[in-house]
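Pasted the sequence and its predicted model underneath.
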Amino acid sequence: MERTISMMVGKGSLNHNNRTFTAKNVDKERSKCNKVYDKESIKKVYHSLFDEALEAYNAKQSRADRRIDNYYEKIRTSRQEKLFHELIVQIGNRDDTNCGMVESIYAQSALEDYMLGFQERNPNLRVFNAVMHLDEETPHLHIDYVPFSTGNKRGLETKVSLKGALKAQGFVGTGRFDTEWKRWVESEKQCLAEIMERYRMEWLQKGTHEKHLSVYDYEKKMRKAEVEELEQEISGQRDKLASQSFLMEVNVEALQSQEQILEENAAKAEKIRQETEQAKEDWEKVQIDKDRVQDSYEHYKSLEESTKGLYELYQSWYEDKKKSYEEYAEKKQYV
């Protein structure tokens, strides 16, 4: 199935991206399905990226008014550079890849693979916030990043610069209609298109054509594209083989670990079984002893009752004898 690819500059509304507030076009019931890939404090990212360069820069300044107290605030109020940039990535549209369609599952998988490889492909675009929205009409990514360049001779050695960041990654423009950004976006679209193929989707390119190419230049361009495609395929297969080998090693280690855990659990289970059997035997002995004690108690209780009866009988007999003796002694006294 064919699907379009959209890569647009976003407004950079983190509150919207992170659903701090809910817009009218958002289905609140599906917001829990959104996928968050990165959610960091941009201020902390600025500290990690620029503090060292800022300290070195300030140390070189002889005039206090040229020192920068807070690089984050400097860029935030700057008219030349943005604090951060946002890329919105979408496959298809609401008519052919709606979140309610089965086809959107393929788009979600492709977008996730694209997102998981974004930072590795773009080391100079520091991602600090990234989310896939599944609570709107079509699955799409919001990727917020801080572009930076290193080795600068003017200003900070490491500083915010989209053009410098893309140039460091090999994207150099030639003019107004062939910018670093345009070349980078086309490269990212091509990367996403290759990922889409894994999920049986083809990149539907609308309205794209090249003018004024001679037959020789066109064939040269096509041959170059085919060679690059083959090189990418070979590289991809090599990476895939390396990944599978690594996964095999991991699975073998995991299997050995699981076998060891099973043996340990079996030993624990046997020990528990034996302890349970012993406890059962001890309980039965206790019950037998309890019954014996109960029988003994009842026996001695019976003896106590019997002894008490004899005592009362002998007491009554004693009283009768005593009375008879006293009467006899009294009569004898008057004779």
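Arrived safely.

where do the strands sit along the stretch 1-150 of the chain?
For the stretch 1-150 of the chain, the strands defined by DSSP state E, counting those that start in this stretch cover 2-3, 5-9, 35-39, 85-91, 125-133, 140-149.

Next, report how far the shortest one is displaced from the centre of its chain.
Relative to the chain's own centre, strand 2-3 is displaced by 30 Å; criterion: Cα atoms, centre = their mean, to the nearest Å.

Give me the buried positions along stretch 138-157.
138-149, 156-157 (16 or more other Cβ atoms under 10 Å). No exception for glycine: its C-beta is placed from N, CA and C like everyone else's.

pLDDT (mean, whole number) over whichever strand or helix holds residue 326?
Assigned by DSSP states H and E, residue 326 falls within helix 215-333. Taken as a whole, helix 215-333 has an average pLDDT of 69.

ok so, going back, ok, which of the strands of the stretch 1-150 of the chain comes nearest residue 316?
Closest of the strands of the stretch 1-150 of the chain to residue 316 is strand 35-39, at 96.2 Å (criterion: Cβ to Cβ).

Please compute how far that closest one lies from its chain's middle.
That offset, for strand 35-39, works out to 9 Å (Cα atoms, centre = their mean).

ditto for stretch 2-22
Counting by Cα atoms, centre = their mean, stretch 2-22 comes out at 21 Å from the chain centroid.

for that stretch, how far is the first residue from the last?
32 Å (Cα to Cα, to the nearest Å).

hang on, the earlier thing: adding distance to residue 88, write the buried residues of stretch 138-157 out as CSV.
Shown next, in CSV, are the buried residues of stretch 138-157 (distance: Cβ to Cβ, whole Å):
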residue, distance to residue 88
138, 11
139, 12
140, 6
141, 7
142, 6
143, 8
144, 10
145, 12
146, 17
147, 16
148, 21
149, 24
156, 29
157, 32
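
who are the neighbours in contact with the closest residue to residue 54 other than its chain neighbours?
In space, and not counting its chain neighbours, residue 54 is closest to residue 71: 5.1 Å by Cβ to Cβ, 6 or more residues apart in numbering. By Cβ atoms under 8 Å, 6 or more residues apart in numbering, the contact list for residue 71 reads 46, 50-51, 54, 156.
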